[in-house]
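Asks: Next one to model:
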Amino acid sequence: QVDLVESGGGSVQAGGSLRLSCTASLATYGTHCMAWFRQAPGQEREGVSQIESDVTKTYADSVKGRFTSANTRNTLYLQMNNLKPEDTGMYYCATALRGRCPASRYEYKYWGQGTQVTVSS
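Replies: Residues are numbered from 1 along each chain as shown. Predicted structure coming up:
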């Protein structure tokens, strides 16, 4: 069991930056896969980035080169630069409390409440 709390969302203009944080109620660095997802209104939730327990990171093609994820003992970060209007949505962190990241978002058992990111043109 783990509680996840996101923060750092907000409203910015295109080209701006935001840093999201996700604090877990237990240590996750080096032990559990942690991931960021986002969901725009009327759209499916999509993966943004994930960090495996061996700290291998992967990113969605749409955010490569602009977003960077990092984690410390119990906090996951998402640095978002050069934001675009299509990045608008609710951002969630998630974990399955296992080292290897799941292949499907449906396998993630634990989710935060989300933090809203709005990018205006």
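Asks: When you work out contacts or count neighbours from here on, use the C-alpha atoms and nothing else.
Replies: Noted.
Asks: other SSEs contacting the strand or helix carrying V117?
Replies: With secondary structure defined by DSSP states H and E, V117 is part of strand 115-120. Judged by 3 or more CA pairs under 8 Å, 6 or more residues apart in numbering; DSSP states H and E, strand 115-120 is in contact with strand 10-13, strand 89-95.
Asks: for it, what is the average pLDDT?
Replies: Mean pLDDT, computed over strand 115-120, is 98.
Asks: one step back: turn the helices and strands packed on strand 115-120 into JSON lines, columns for distance to L76.
Replies: Output for the helices and strands packed on strand 115-120, formatted as JSON lines (distance: least, CA to CA, whole Å):
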{"stretch": "strand 10-13", "distance to L76": "17"}
{"stretch": "strand 89-95", "distance to L76": "8"}
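Asks: need these in CSV with mean pLDDT and distance to Q43, can you?
Replies: Shown next, in CSV, are the helices and strands packed on strand 115-120 (pLDDT from 0 to 100; distance: least, CA to CA, whole Å):
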stretch, mean pLDDT, distance to Q43
strand 10-13, 98, 20
strand 89-95, 97, 10
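Asks: just checking, which of the ones you listed sits deepest inside the structure?
Replies: Among those, ranked by average contacts under mean count of other CA atoms under 10 Å, first place goes to strand 89-95 (a mean of 26).
Asks: so the closest residue to E86 other than its chain neighbours bridges to which residues?
Replies: Excluding the flanking residues, the one nearest E86 by CA to CA, 6 or more residues apart in numbering is V119, at 7.6 Å. V119 has these beta-bridge partners by DSSP bridges: V12.
Asks: Next, the contact list for V119, please.
Replies: S11, V12, Q13, A14, L83, K84, P85, E86, D87, T88 (CA atoms under 8 Å, 6 or more residues apart in numbering).
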